[in-house]
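Asker: quick check, what structure comes out for this input:
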Amino acid sequence: MISFEDFVLGDGYPIYLQIIRHIKQGIAAGAIGHQEEVPSRRALSALLGVNPNTIQKAYHMLEDEGIIVSRSGAKSYTSVDEDTVQHIRRELQAGDTAVWVEAMKRLGLSRDQALGLAADLWEKGQEN
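Answerer: All right, here's what the predicted structure looks like:
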């Protein structure tokens, strides 16, 4: 079953989108695979302390993307293949990179300065 133990609600970002991102990040990282059971809407609502309609909205959007499959009265499961995993990875990478690029621009860094900073941080991260 998909775990939400490390899920932390953040401010300034709709909860349903945070739930979707949590699941997509798990899929992109390989922590969530094909046919993994998704917590019931009621159970996740109680665990996170949010309105069941919020969970329903997140699950509905994931169903529309084909990432989870739900049947009335039955458990919901993930439905991911390698193409889906690659698509999710590209989506998350592009989104996170766009946020970072905008932050660097707001700080007044040039492209070369931002890339230099990224390279320095990348190298420092490799040492840890």
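
Asker: spatially nearest residue to the most centrally placed residue in the chain (excluding sequence neighbours)?
Answerer: Residue closest to the average C-alpha location in the chain (C-alpha atoms, centre = their mean): residue 21, at 2.1 Å. Residue nearest to residue 21 in three dimensions, not counting chain neighbours: residue 92, with 7.8 Å by C-beta to C-beta, 6 or more residues apart in numbering. C-beta here means a position set from N, CA and C on the backbone, and glycine is covered the same way.

Asker: list the contacts of that neighbour.
Answerer: With contacts defined as C-beta atoms under 8 Å, 6 or more residues apart in numbering, residue 92 is in contact with 21, 24, 25, 28.

Asker: and the second one, which of the three is it?
Answerer: Secondary structure, DSSP: H, G, I helix; E, B strand; the rest coil: residue 24 is helix.

Asker: related to what we said a few turns ago, check the residue nearest to the centre of the chain and give its pLDDT.
Answerer: On pLDDT, residue 21 comes in at 97.
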